[in-house]
Each structure stands twice: as structure tokens, then as C-alpha cells.
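S.K.: Provide a 3D model corresponding to the input given below.
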Amino acid sequence: MIGPLTVPGNLVASPPDTALLFYTPNTYVEVPAGSDLDLANADLTIDAWVGLISGPWSAGRDSLHVYSVVDKLDLAGTGYAFYVQVRTSCPTCPPPPQQPPPSGSASTMEMRLVFVVGTGSGLVFYTSGAIYSGTGTVFPSPTPPSVLTPQPPPWMHVAVTVDRAQSVGKFYFGGNHILGSDFVSATGINNGNPVWLGGTRLYGSPQAPAFTEFKLNEIELFDVALAGPDLQAIAAANGGKCKTPPPTRTASATMTSSTTATRTPSGTPTVSPTGTTTPTSVPTQTRTVTVTRTVSFTPTQTPSRTRTRTPTVTRTASSTPTPTPCFAEICVTKFHDQDRDGIHDYPLERYIDGWLIFIADPGGNTRALTTRQCIGVPALVTYTVSEALQIGWTQTFPAGTGTHQVFVECGQLVNLEFGNSAAQPAPPTNTPKIPPID
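M.R.: Residues are numbered from 1 along each chain as shown. A predicted model of the protein is given here:
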């Protein structure tokens, strides 16, 4: 696990607000397990500010990634999670390396909220209506894709509530109830896993096949279903709930606070064992994640890590036919192919972390990453992606050369997979015994 980076936030506060940047699939904040976080079959509210990477965002081919807010899942089918789903669809784009027609192919990017609950026999996914939809056009290389219209918001406040007594779950965007998206949550089963903030155990699955960096701020978790006015007040509190907002000058020269609503929950992710929200606003200047039992985690940066800002999604601002440098992203996973059939039988066959992967361009320039990570690369290039085979393992996928040859286009997110099986020990040798000579 890698702690997130601290970056400028979206709220108006003094000292200046900070948020958390999640820059790899293995980046998250972990809150230790406890009975007060066992909310798979209880009332709950999860809310947070979600920040996108810098734009502008451009049209792209088919892709899917998520921004995880809270995850307490067990892939055996228990727990709960909440995330933002980002799906790009280009129905008429031909498979790469084929190119769209000169007139281009229409592309749409949509964002939706997703709540997941594990029933003990599987995971049930509830999805909201679209909270954002942008359209654009993908052109044949080397013409860059057009910029999405409208652009997605740089920050958005998202929330989900589950009221077991009323048998209703609701999604909220910007403090507003998303009509037509209510659901009746299945009976959930709890587990002993810690809570992850900003990470998810779904990465690499069909529901979350890829990763793109994102930011989180003001993450909150309650064991009560907040009402609509409460969530509106939270979303409208641009000074935040766990920071001291700067003073605002009024005609009477008095000092006012931007947090004025009643029943405003505290600014830290809190679970109250009494089933009620904490009505007080608690100012604090530290980036901590706190639960009622005073377990906290302060994310820190590794001093030796150098942060390199490589583009990970479409960021091409120009829509002119002039060739413009652009980038793509390649994500690589590896699975333990226990039955050696070259097929990932998910979730029975687990993912393998930490294997070295090489990405080489036609000029012989090679980049390296490890499995279950993503890397930004120049687009409009064909790459050869290979693995460093380890002793005691046999590669089962891909077949043939054992490498992937992939052409990436501007803004494309490519997910590649390798399969390996552990070598089985050789059967014992039965050496005939020579009877003793009398």
C-alpha cells in the first residue's frame, strides 16, 4: 500500500485547503476494521468531494475506470463500496489499429455513481443515472480527437444513503437527490477487512478494469441515512467541515462562517455507535481520517519518491487537423492461471502483484512498471509489452510469442493481461529396490 500525495484542495479555507491525490491502483488510506464500520446491513451515508485530473478532456475509444471513495469489500461476496464510474463509448470506432473514417466517429463519456453490497454469495451493484455526459469525435491518426463538450467538472460532491427501515437507497450529486435512481439494497454481509479510502479491491475486475489518478477531499462515513437538506448543506459548505473557513466581509463588518446549516456532520469520516449524526463542526488543520474510536491515519509522502506528472487520460486541447503530441495510458495485470488454460477465471484465479513488465517502442526505448499499475506513454505508437518471467512459473497467456503488440491512440486507455501458472513439483521417482543377497 502506498500513501496518497497531498495536493491543493477545492475548498476555501485558512490555511489553504489540501486534498489527497491517488496516483496508482495501490494508493489508498486504510482504516482498521472494527464493528462500528460493519455497515453492509445497516443504515449508512457516504459522501466526499471527488476531483478529476487536469483537462481539457478529449473524446476517446471504449474505456472504463472508477474513482473509488470507500471500499470494504471481500471479493468472495461481502462488504460494501461506493465509487464514481467513468465510461467512454465509441460505438462506431473500429478496433485498433484500424482507424475511424475521415469524418470521425462519435464518442460519449458518462459518469455515474455506484454502490456495491456483498450478500455472501456475490456482489450486487446499484448504479445511478448519469451525473455527467460529454460528447466529442474521434478522428483517424494523426488528427487528435475533439475536446469533450461540455467538459467534466473539476470537482464534484457525491453521496449515497441507505435507509434500511424505509427500504430505500438514494444517490446525491452536488447535494441534490438523483431522481429515478433509488434502489432497495440487498441484505449485506459484513467482513473483517479494513476500510480503504481512495482504493478498491475491484481493480482489474470487469467492473473496474483500469485506473486513472484522481483526488478526494472531505470523505465522510456515517451509520445513519442523512436527509436531503443535510447533504445539501454539506455540498454547499465551500469552507468545508473540518477546516477553519476564512472570514467573509459583510456590510456590518461582522465575521461569518460559510457553514451555517443545522445537523451539519463533522468533517471527518465518522461512524457514531449511537446511530445519530454529530451535529457539531470540528475544525482541524490536519489531514486525518478518524473514526469514533479515535483510530487515525495521516497519509505521508515517501521522501524518496519523485512525482512525475505523466498524462493518463486524454488531454489534447486542439481539435485542428494539425498533428499534435498526445498521450495514452497502458495498464497491466497478471493472474495466477491455476488450471493452465490461458483464461482468467475471475475471481477464482487471483491477481499477482509486483511482477516486472517492460513496454518497448519500435526504437528500442523501454519503460518498466509492475503488474496492477498504469503508465503514461506517447500515443500513435505500436508498443511491445512483455513480462520478466520468474523462476518456478510458466507463462500461459498471451499465447505464441508471449507478448502483446498494441497500437495506442490519443487519449486511449489500454488494459493488458498476462497469465502465469506456478510450476508443479515433479512426481517422485520410483526406483526399484534390489532385494538383499543372502
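S.K.: CA only for contacts and neighbour counts going forward, please
M.R.: Fine.
S.K.: got the domain boundaries for this protein?
M.R.: According to automatic domain parsing, the chain is divided into the following domains: 5-246+259-297, 327-422.
S.K.: which stretches of the stretch 151-300 of the chain form strands?
M.R.: Across the stretch 151-300 of the chain, reading from the start of the chain, the strands by DSSP state E, counting those that start in this stretch fall at 155-163, 168-173, 176-177, 195-197, 214-222, 248-249, 255-256, 289-290, 296-297.
S.K.: using TSV, lay out the ones you listed together with mean neighbour count, mean pLDDT and distance to residue 72.
M.R.: Rendered in TSV, the data for the strands of the stretch 151-300 of the chain read as follows (neighbours: other Cα atoms under 10 Å; pLDDT from 0 to 100; distance: least, Cα to Cα, whole Å):
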stretch	mean neighbour count	mean pLDDT	distance to residue 72
strand 155-163	24	98	15
strand 168-173	22	98	18
strand 176-177	18	97	24
strand 195-197	24	97	5
strand 214-222	25	95	12
strand 248-249	10	39	40
strand 255-256	12	30	38
strand 289-290	20	38	15
strand 296-297	16	36	16
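S.K.: for residue 382, which of those strands is the nearest?
M.R.: Proximity of the strands of the stretch 151-300 of the chain to residue 382 was assessed by Cα to Cα; the nearest stretch is strand 214-222, lying at 27.2 Å.
S.K.: pull up the pairing partners for that closest one, direction included.
M.R.: Under the criterion DSSP bridges, strand 214-222 sits next to strand 18-22 (antiparallel), strand 44-51 (antiparallel) in its sheet.
S.K.: any idea whether the spatially most central residue of the chain is helix, strand or coil?
M.R.: For the chain, the residue whose C-alpha lies nearest the mean C-alpha position (Cα atoms, centre = their mean) is residue 67; its distance is 3.3 Å. Classification of residue 67 using DSSP: H, G, I helix; E, B strand; the rest coil returns strand.
S.K.: what's opposite it in the beta bridge?
M.R.: When bridges are taken as DSSP bridges, the partners of residue 67 come out as residue 84.
S.K.: how many residues are close by residue 174?
M.R.: The burial metric for residue 174, expressed as a neighbour count using other Cα atoms under 10 Å, is 19.
S.K.: state the distance from it to residue 109.
M.R.: Residue 174 sits 19 Å away from residue 109, going by Cα to Cα, to the nearest Å.
S.K.: kindly report the same for residue 180.
M.R.: Note on residue 180: its distance to residue 109, by Cα to Cα, is 20 Å.
S.K.: between the two, which one's more packed in?
M.R.: residue 109 (27 against 10).
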